[in-house]
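[1] Predicted structure and sequence below. I'll ask about it afterward.
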Amino acid sequence: MLSGRGVATLIPERHPSLTVRPARPLAAGGGGLRAPLRLVHGPDAARAEADAARPGRFRGVLTLQRDGAPVHVTVDLPLPRRAHTETGTDTRAGTETGTDTRAGTETVSAPIGLAFALLLAFLGGLILNLMPCVLPVLAVKLVGLVALGGGDTRAGRQAARGYVLGVVASLLTLGGAVALRAALGRAVGWGFQLQEPIAVALLMATVVAFALHLFGVWRVGVPRGASRSAPSGPPGLWRSAAEGVLAVVLATPCSAPFLGTAVGFALAAGPGTIRLVFAVLGRGLAAPFALAATVPAVRRRLPRPGPWMLSLEIALGFALLATGIWLAWVLVRLAGADGLVRGLVFALATAAVAVVLGRTDRRGIRLAAMLALLPVAAGLLRFEPPETRAQPAAGWQPWSPDAVRAAQAAGETVFVDFTADWCITCKANERLVLDDPEVDAALARGARFVADWTRRDERIRAALAEHGKGGVPLYLVYRPGVASPQVLPEILTKERVLAALAP
């Protein structure tokens, strides 16, 4: 078997319309060498297009130094048809002659640069505003903008600063936690906190408390007695910051287009890049409200303030309680029925504290009520995972790389669904697309696997990272005899899936 301590050099054969550049140094591991190459079309566009239209070959010589003696291995691989791709050459030298070569190829997206990753992060943050997770908070912000009216630009700027502060600070905290865990050797992805029962229980209590805020039981920064029969009024700095934190809390179960790629790039880089990407993501998430709050012309187009705002806030409070029910379901999946009871009792204690905050202005009593939550949390928020994992739905199999390879070897088209119970985007795709009878019939003609990332699973995290993703969802279609899967968009459509599964 080839040792990873030797020196290896790959000499490519000249190709008429492609330039071959090393993407990364040769890497040893698994009894072989992996040589990622970057293949870039040359300036002759017509010739490059003609070459890309027909199958080609990549040929070269791999020179290895083993025990002081050179070993030459001929490389002959199918050439990807796409420009700007990366080809991985997995070459294993035989133990007797050093000429037994088994080669395979893998085509993935070309590595992106930092500037492009930041652009994707900003766009992903913008699109998160359209996800159902964040819509309740945006509606709350709409009420605040209406309360501002068409004037008072100073108040609008203060509200915008508070919201941006809450969003960016929350995401920087999240990015710092990701960077810290990565430094400790515990790599994670987008939404990792929702794999922890304690985090889910805290989120459930948070949305319950904010629902009571919308019901007028208590108000952030509003004196007692001023909130039960009127809307919450114009947002101040701290209330806007709290709403920014809530927006991040509700956004983490969702994955928008571009977001997975940007987060995946950050996770593959260093701590500084992680924080920078998360900060830009926060700017994108906060941008629509910040723009509307600081431009009077936008606010003048909003409805006039009135009692309807109170009715809307109450409706939004019930929407947040519905989110709490969903979080309770996730908690059951993570920690079982006992964990659910503990989480509900803690949410009830949080609601009791909110009632106290809404009935007194005395700081001592308020502080005592909030401090009383600490021993309650310490006593309740201790969870044990269920002994067994949830089984896949009928027709689906648990994912593993070996199972996928076996299905491919049997001549089947393979569909892999990387999902999680806490991923709202995943669940929407499942209900609206994958459960469609026509799509289900197409999936049944091949093999289908589910990679459930509800709980932490290092194999799934590594597979996501291999495809440049920092979180779920991820959808892959493998064809028989083709090593590289087709990666489907994060937001599925029936037509897109049927086209990918077509014979």
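    Done, it's in. Numbering: from 1, shown residues only.

[2] From Gly324, how far off is Phe122?
    Relative to Gly324, Phe122 is positioned 30 Å away (Cβ to Cβ, to the nearest Å). Glycine gets a C-beta too; all of them are placed from N, C-alpha and C.

[3] If you could redo that for Ser400, that was the one I meant.
    Relative to Gly324, and taking Cβ to Cβ, Ser400 is found at 35 Å.

[4] And the two? Which one has more around it.
    Between Ser400 and Gly324, counted using other Cβ atoms under 10 Å, the more crowded position is Gly324 (21 against 13).

[5] pretty sure the more buried one contacts Leu202?
    No - contact criterion Cβ atoms under 8 Å: Gly324 and Leu202 do not qualify, at 11.8 Å.

[6] So which residues of the chain form strands?
    8-12, 18-22, 27-29, 32-41, 56-66, 69-79, 85-91, 107-108, 397-398, 414-419, 447-452, 474-478, 486-488 (DSSP state E).

[7] Ranking helices and strands of this structure by mean pLDDT, which lands last?
    When the helices and strands of the chain are scored by mean pLDDT, DSSP states H and E, strand 107-108 comes last with a mean of 38.

[8] quick check: domain ranges of this protein?
    Domains of the chain are assigned by automatic domain parsing as 8-108, 114-323, 397-501.

[9] Make a markdown table from those domains and add distance to Ala369 to it.
    Below are these laid out as a markdown table (distance: least, Cβ to Cβ, whole Å):
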| stretch | distance to Ala369 |
| --- | --- |
| domain 8-108 | 53 |
| domain 114-323 | 11 |
| domain 397-501 | 30 |
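
[10] Tell me which of those is the most buried.
    Greatest average neighbour count among the domains of the chain goes to domain 114-323 (a mean of 20), per mean count of other Cβ atoms under 10 Å.

[11] List the contacts of Cys426.
    Counting by Cβ atoms under 8 Å, 6 or more residues apart in numbering, Cys426 touches 255, 417, 419-420, 472-473.

[12] Mind pulling the model confidence for it?
    For Cys426, the pLDDT comes out at 92.

[13] And Lys141, by the same measure?
    pLDDT, Lys141: 74.

[14] From Pro307, how far off is it?
    Distance from Lys141 to Pro307, by Cβ to Cβ: 19 Å.

[15] swap in Thr273?
    From Thr273 to Pro307 the distance is 49 Å (Cβ to Cβ).

[16] Then Arg431?
    To Pro307, Arg431 is 36 Å away according to Cβ to Cβ.

[17] one step back: report the two of the contacts of Cys426 separated the most.
    Largest separation among the contacts of Cys426 by Cβ to Cβ: Ser255 and Asp417, giving 13.4 Å.

[18] what's across from Asp452 in the sheet?
    Per DSSP bridges, the residues bridged to Asp452 are Thr419.

[19] So it is in contact with Ala393, correct?
    No - using Cβ under 8 Å, Asp452 is not in contact with Ala393, being 10.7 Å away.

[20] Confidence-wise, which of the contacts of Cys426 comes last?
    Where pLDDT dips furthest among the contacts of Cys426: Ser255, at 74.

[21] Run through the residues that contact Ser240.
    So Ser240 contacts 144, 158-163, 165-166 (Cβ under 8 Å, 6+ apart).

[22] Just the ones in helices from these, please.
    The helices, defined by DSSP state H, take in 144, 158-163, 165-166 from these.

[23] Which of those sits closest to Val356?
    Gly166 (23.8 Å).

[24] Need the pLDDT of the closest one.
    The model reports Gly166 with a pLDDT of 92.

[25] Go ahead and confirm it touches Arg239.
    No - with contacts counted by Cβ under 8 Å, Gly166 stays clear of Arg239, the gap being 9.5 Å.

[26] ok, now how distant is the nearest residue to Arg304 once chain neighbours are set aside from Phe215?
    Setting aside the residues directly before and after it, Arg304 is nearest to Val146 in space (Cβ to Cβ, 6 or more residues apart in numbering), at 7.6 Å. Here the criterion is Cβ to Cβ. By it, Val146 lies 19 Å from Phe215.

[27] same question, Ile365
    21 Å.

[28] contacting residues for Gln193?
    174, 177, 199, 252.

[29] For Asp338, which residues are in contact?
    Glu384.

[30] Then the one 4 residues further on?
    If you count contacts by Cβ under 8 Å, 6+ apart, Arg342 has them with 201, 335, 380-383.

[31] go on, Arg366?
    Contacts of Arg366 by Cβ under 8 Å, 6+ apart are 356-357, 360.

[32] Now list the buried members of the residues you listed.
    With burial judged by 16 or more other Cβ atoms under 10 Å, the buried subset of the contacts of Arg366 is 356-357.

[33] list residues touching both of Ser255 and Asp417?
    Joint contacts of Ser255 and Asp417 (Cβ under 8 Å, 6+ apart) are 426, 473.

[34] now the helices: where do they sit in the stretch 101-250 of the chain?
    114-128, 135-148, 153-183, 197-214, 237-251 (DSSP state H, counting those that start in this stretch).

[35] Need the ones you listed in TSV (columns: distance to Pro503).
    TSV is the format used below for the helices of the stretch 101-250 of the chain (distance: least, Cβ to Cβ, whole Å):
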stretch	distance to Pro503
helix 114-128	33
helix 135-148	39
helix 153-183	42
helix 197-214	42
helix 237-251	39
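
[36] and those, which one is worst for confidence?
    Minimum mean pLDDT among the helices of the stretch 101-250 of the chain: helix 135-148, a mean of 74.
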